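Asks: Give the three-dimensional model of this entry:
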Amino acid sequence: CFDYGWPVAKSVGEVLPQALVVVSLLAATVWSVFRHPKWGFLGGWLFLILAPTSSIVPIRDLAFEHRMYLPLAAVAAGSVLGAYVILTALWRMLHVSTMWRTAAHLGVAGAAVLLLGCAAYVRNTVYATEMSLWSDVVRKAPLSARGWINLGMVLHENNQSLDAQACLERAIQLAPNDVDAHRNLGCVLHHFRRFSEAAEHYEIAIRLGGKDDELLPLLASALVPLGRVREAEELCRTVLQKRPTSVTAHVNLANAMAAEGRIAEALPHFQEALKIDPDTAEAHAGIARILADRDPKAAGDHLAEALRLMRWPRTGGLQRKAAECRVERRSSPC
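Replies: Residues are numbered from 1 along each chain as shown. So this is what the prediction gives:
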């Protein structure tokens with residue numbers, strides 16, 4: 001499982017059975033070091049490599065497969081050596097000839113390689129796409145809030161926003177104080193034009209300690225359609241005071257100004273956003289709206305660029321509008 005999402009234990013009773021197993025294996029390793037050093041070496045390898053990430057020091061991820069890559073070398077070696085010892089003893093007891101022993105050993109090794117190779121191939125298909133990866137995570141670790149968050153955003157990016165909303169709501173049930181879950185659910189609700197609910201989740205994310213320079217512009221973009229334009233403007237100005245290069249703040253401040261008809265004030269902020277990042281589709285679209293009546297050709301160029309950056313189909317209705325904007329002396333549909 002790529003992301004187990006194991007919860008932190010709250011009491012000794014929750015981990016007692018597992019602790020007894022681990023302590024027993026550790027005791028067996030210590031005994032083997034003195035009585036059978038070759039086998040004790042394998043157990044020592046396992047525990048010593050795991051020790052730095054298995055202490056009382058808090059870590060975010062309690063279970064992660066890559067922590068077992070090196071320790072598993074001991075397990076693999078022990079398995080092979082153990083199988084060899086058992087098979088050798090069996091052949092002696094059955095008086096099997098050397099030729100048949102060799103054939104049997106090759107057969108067992110070949111079967112192991114084939115099975116493990118097939119398992120690796122099947123596992124690699126899970127990594128083929130983000131969708132398959134995070135779907136596998138939530139199927140195997142349904143309590144992984146991060147798994148639900150990431151699956152939700154992948155679904156949203158693939159235009160499956162209803163399913164994305166369900167995933168993010170599940171994530172919030174599992175982790176009510178997760179900033180990413182609230183922020184991303186706000187984005188999905190914003191997509192559905194449910195601005196009031198989106199603003200509520202943005203505000204929760206801010207209260208939980210999310211980054212202001214990221215969340216305040218998002219909140220501002222949800223407040224503008226609700227008529228809270230001045231409030232949105234203040235939020236964007238707050239961000240720009242601390243981070244003048246925030247593209248999102250410039251764009252949303254311009255949108256707030258444009259919503260009140262303050263076109264002359266909005267245009268410089270759209271242009272500043274393009275100076276910082278020429279590939280800002282929202283800024284191109286904003287300039288296109290402003291220039292629609294003044295300069296239809298320039299408006300069409302900006303709208304075409306916005307559509308290219310948003311990867312709209314070349315034959316879509318908005319693409320036709322961009323073409324029409326290039327035709328001067330024609331009323332602009334932008």
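Asks: Would you mark the buried spots in the biggest helix by length in the chain?
Replies: In the chain, with assignment by DSSP state H, the single longest helix is helix 98-126. Residues 101, 126 are the ones in helix 98-126 that count as buried (16 or more other C-beta atoms under 10 Å). C-beta coordinates here come from the backbone N, C-alpha and C atoms, glycine included.
Asks: same for that helix, what does it pack against?
Replies: helix 71-94, helix 130-140 (3 or more C-beta pairs under 8 Å, 6 or more residues apart in numbering; DSSP states H and E).
Asks: Out of those helices, which is closest to Leu168?
Replies: Among those, helix 130-140 comes nearest to Leu168, with 12.0 Å by C-beta to C-beta.
Asks: Against which helices or strands is whichever helix or strand comes after the closest one packed?
Replies: Downstream of helix 130-140, the first helix or strand assigned by DSSP states H and E is helix 145-157. Applying 3+ C-beta pairs under 8 Å, 6+ apart, we find helix 145-157 packed against helix 130-140, helix 161-174, helix 179-191.
Asks: buried stuff in the first one?
Replies: The neighbour-count criterion (16+ other C-beta under 10 Å) identifies 133-138 as the buried residues of helix 130-140.
Asks: quick check, nearest of those to Ala175?
Replies: Nearest to Ala175 among the buried residues of helix 130-140, with distances taken as C-beta to C-beta, is Val138, at 13.5 Å.
Asks: how much does the longest helix of the chain deviate in direction from helix 71-94?
Replies: 150 degrees (axes from the mean of the first three to the mean of the last three C-alpha atoms, to 10 degrees).
Asks: Off-centre distance for helix 98-126?
Replies: Put simply, helix 98-126 sits 35 Å off its chain's centre (C-alpha atoms, centre = their mean, to the nearest Å).
Asks: Helix 130-140 and that helix, what's the angle between them?
Replies: 110 degrees.
Asks: Surely Ala298 is in contact with Ile290?
Replies: No - the criterion here is C-beta atoms under 8 Å, and Ala298 misses it with Ile290 at 9.9 Å.
Asks: which one of these two has more residues nearby?
Replies: Neighbour totals were compared for Ala298 and Ile290, and Ile290 leads with 20 against 16 (other C-beta atoms under 10 Å).
Asks: The helices and strands packed on helix 145-157 into TSV, with extra columns for distance to Gln271 and mean pLDDT?
Replies: Formatted as TSV, these follow (distance: least, C-beta to C-beta, whole Å; pLDDT from 0 to 100):
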stretch	distance to Gln271	mean pLDDT
helix 130-140	35	94
helix 161-174	31	94
helix 179-191	25	93
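Asks: Next, format those helices as CSV and append distance to Arg230.
Replies: CSV is the format used below for the helices and strands packed on helix 145-157 (distance: least, C-beta to C-beta, whole Å):
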stretch, distance to Arg230
helix 130-140, 39
helix 161-174, 30
helix 179-191, 20
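Asks: With respect to burial, which of those helices scores highest?
Replies: Ranked by mean neighbour count, the helices and strands packed on helix 145-157 are led by helix 179-191 with a mean of 23 (mean count of other C-beta atoms under 10 Å).
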